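> Pasting a predicted model and its sequence here:
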Amino acid sequence: MVHSRHRLVASVASIYLQLADAGFAYAPNFITKIIEAEKQQNITQNVRTRFPPEPNGYLHLGHAKAVNFNFGVAEQFEGRCNMRLDDTNPSKEDEEYVEAILEDVRWIRKGSLSEVRSSSG
């Protein structure tokens, strides 16, 4: 059963997952066009993107889009997306949010999530 916080994210994420299944990280856009042009000119070799959520709340729709875009673009260009939990405001952060973020990103990415780092270590 999908958690209530997943309902809205699920409907949008499914669209992005369909694009990913079709071989697109995202519909071609100015970023992917720049990367493609730079790769053809041997300017860019290794594509690196990042997703740095703060663990002070649950992910929202914008986060779902960012997860799909950043991980997807890295995957599309055989690069890497770095996910680093940005703990710049420790007084508002909670382990519950850390676990929820990791769970949500794994769910959005179909279970694909490797090493995660915090900005403090």
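Done, it's in.

> Which residue ranges of the chain form strands?
Listed in chain order, the strands of the chain (DSSP state E) span 48-51, 80-85, 117-118.

> who are the neighbours of the second one, in terms of helices and strands?
What that stands for is strand 80-85. Here strand 80-85 touches strand 48-51, helix 61-76, helix 95-108, strand 117-118, going by 3 or more CB pairs under 8 Å, 6 or more residues apart in numbering; DSSP states H and E. Just so you know, the C-beta spots here come from the backbone N, C-alpha and C atoms, and that holds for glycine as well.

> Convert stretch 103-112 to CSV, retaining C-alpha atoms only.
Only the C-alpha atoms of stretch 103-112 are listed here, as CSV (Å, rounded to 0.1, in the frame of the first residue of the first chain):
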residue,chain,number,x,y,z
GLU,A,103,12.9,5.4,1.6
ASP,A,104,11.3,7.8,-0.8
VAL,A,105,14.3,8.2,-3.0
ARG,A,106,14.7,4.4,-3.2
TRP,A,107,11.1,4.1,-4.0
ILE,A,108,11.2,6.8,-6.7
ARG,A,109,14.4,5.2,-8.2
LYS,A,110,13.0,1.7,-8.1
GLY,A,111,15.3,0.6,-5.2
SER,A,112,18.4,2.1,-6.8
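
> Counting neighbours, show which residues of that stretch come out buried.
Neighbour counts over stretch 103-112 (16 or more other CB atoms under 10 Å) mark Asp104, Val105, Trp107, Ile108, Arg109 as buried.

> Over to stretch 64-78?
64-77.

> now swap in stretch 34-53 and tell me
Using 16+ other CB under 10 Å as the test for burial, stretch 34-53 gives Ile35, Thr44, Val47, Thr49, Phe51, Pro53.

> Farthest-apart pair in those residues, please.
Spanning the widest gap among these are Thr44 and Pro53, at 25.5 Å by CB to CB.

> one step back: make a markdown table out of the strands of the chain and add distance to Lys39 and mean pLDDT.
Formatted as a markdown table, the strands of the chain follow (distance: least, CB to CB, whole Å; pLDDT from 0 to 100):
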| stretch | distance to Lys39 | mean pLDDT |
| --- | --- | --- |
| strand 48-51 | 13 | 94 |
| strand 80-85 | 15 | 90 |
| strand 117-118 | 27 | 53 |
